[in-house]
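J.: Compute the structure for the input listed below.
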Amino acid sequence: MECEQLRDIVQNFRFHPQDAQGYNRVLLQLFGYLGHGKSSFINSCKFVLDGEYKIIAEAGIKDGGLTMERKSYRVTDSITLVDNRGFGFMNDFEKIEIYAQLGNFLPLDETVVWREDFGEIMGRIEDADMDPNYSDYTVPVFIYSVQKMIHTEEESEVKRFLKACQEMTGIVPIVVLTHKTSANYIAMEQKFKCLGAEVVIGVENYTSDDHRKTIEKHMGILNILKNALEDVQFHVNYNRDLRRERIERKKFLLRMVHDSVTAKKQKEDSRSFNPGSNPTERQRGTEKGSSCMIL
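T.: Prediction:
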């Protein structure tokens, strides 16, 4: 398919009222570790569709404690990109925040801070039921740079994340591998497919230093958008109970919160019953033992 034809398909995508089941917008929810190219991908999408390069999404500081917005960027009348706060360590608190974003339990364009308070997180999830969102169709997109080495312990986290994304949205995340020509893209593509990805697409983002148009870069970006829209169209053709699906997503989050609270309590209880498991306690114990021996 020619580049211009593909761009027209993306720009002209609309939900048909008679079979849209209440949806009127596609949300491409972008997730990924800090510094892997989410902001550059957003700028590239706008450039490919609008024809003029502008920096609309600024790259965040590479700091796991950085406060950022879960910011939305409208790229067509029916498609909005959502730049979710980049995650750092994928601990239990981050996972719950991420899945709350995936389930559209958190509002767009508001500050996101990683909170280490399960009660507060639950309160925000409950508040979302006051104004539930049934009109946005969420497509998860996982951004990962091939320049980064994916470690063994990280692989299991990514695999669980991809599976949870499908549980929350009904769609297997599209994996976008940035910096395609900078490292061994083929090996990284195979690794992600082994981790459960169905669609893996490599791209070279446009940047402020290099935004000379090339057909390869344009086609990479457009193919990602086309795949997302095809996935949406496929699923919309089947009757769905949007309220029931939202309830199931909420149950998933509640189970995750319960499991995380239980695991945290067990860990704290274990430390209280076994002080030697804590390095600080072991050190104190050694110091006390030494003092007794001296006395």
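
J.: Three-state assignment for Val175, please.
T.: At Val175, secondary structure determined by DSSP: H, G, I helix; E, B strand; the rest coil is strand.

J.: my read: it touches Val200, true?
T.: Yes - contact criterion CB atoms under 8 Å: Val175 and Val200 qualify, at 4.5 Å. C-betas here are computed from N, CA, C, even on glycine.

J.: So if I had to pick from these two, which one is more boxed in?
T.: Val175 (26 against 19; other CB atoms under 10 Å).

J.: pLDDT at the more buried one, what is it?
T.: pLDDT for Val175: 97.

J.: which other helices and strands contact the longest helix belonging to the chain?
T.: Ranked by number of residues, the top helix in the chain under DSSP state H is helix 242-273. Secondary-structure packing of helix 242-273 (3 or more CB pairs under 8 Å, 6 or more residues apart in numbering; DSSP states H and E): helix 92-102, helix 118-127, helix 152-169.

J.: Any chance of these in CSV with mean pLDDT as columns?
T.: Formatted as CSV, these follow (pLDDT from 0 to 100):
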stretch, mean pLDDT
helix 92-102, 77
helix 118-127, 74
helix 152-169, 86
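
J.: Just name the most buried of those helices.
T.: For those, ranked by mean neighbour count under the definition mean count of other CB atoms under 10 Å, the leader is helix 92-102 at a mean of 21.

J.: Leu253: neighbouring residues, count only.
T.: Number of residues near Leu253 (other CB under 10 Å) recorded here: 20.

J.: Please name the residues that touch it.
T.: Ile96, Tyr99, Ala100, Gly103, Phe105, Ile125 (CB atoms under 8 Å, 6 or more residues apart in numbering).

J.: what do you get for Val172?
T.: By CB under 8 Å, 6+ apart, the neighbours of Val172 are Leu162, Cys165, Gln166, Gly196, Ala197, Glu198, Val199.

J.: Distance check, the residue nearest to the third one when sequence neighbours are not counted against Ile143.
T.: In space, Gln166 comes closest to Val172 once its chain neighbours are excluded; the distance is 5.0 Å by CB to CB, 6 or more residues apart in numbering. Counting by CB to CB, to the nearest Å, the gap from Val172 to Ile143 is 15 Å.

J.: go on, Asn12?
T.: Distance, Asn12 to Ile143, by CB to CB: 26 Å.

J.: In the protein, mark out all the strands, start to finish.
T.: 25-32, 68-69, 71-74, 79-83, 111-112, 136-145, 174-178, 200-202 (DSSP state E).

J.: got JSON lines for the helices and strands packed on helix 242-273, with distance to Ser78 too?
T.: Output for these, formatted as JSON lines (distance: least, CB to CB, whole Å):
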{"stretch": "helix 92-102", "distance to Ser78": "20"}
{"stretch": "helix 118-127", "distance to Ser78": "27"}
{"stretch": "helix 152-169", "distance to Ser78": "17"}
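
J.: Nearest to His258, out of these?
T.: Relative to His258, the nearest member of those by CB to CB is helix 118-127, separated by 9.1 Å.

J.: Who are the packing partners of the closest one?
T.: helix 92-102, helix 242-273.
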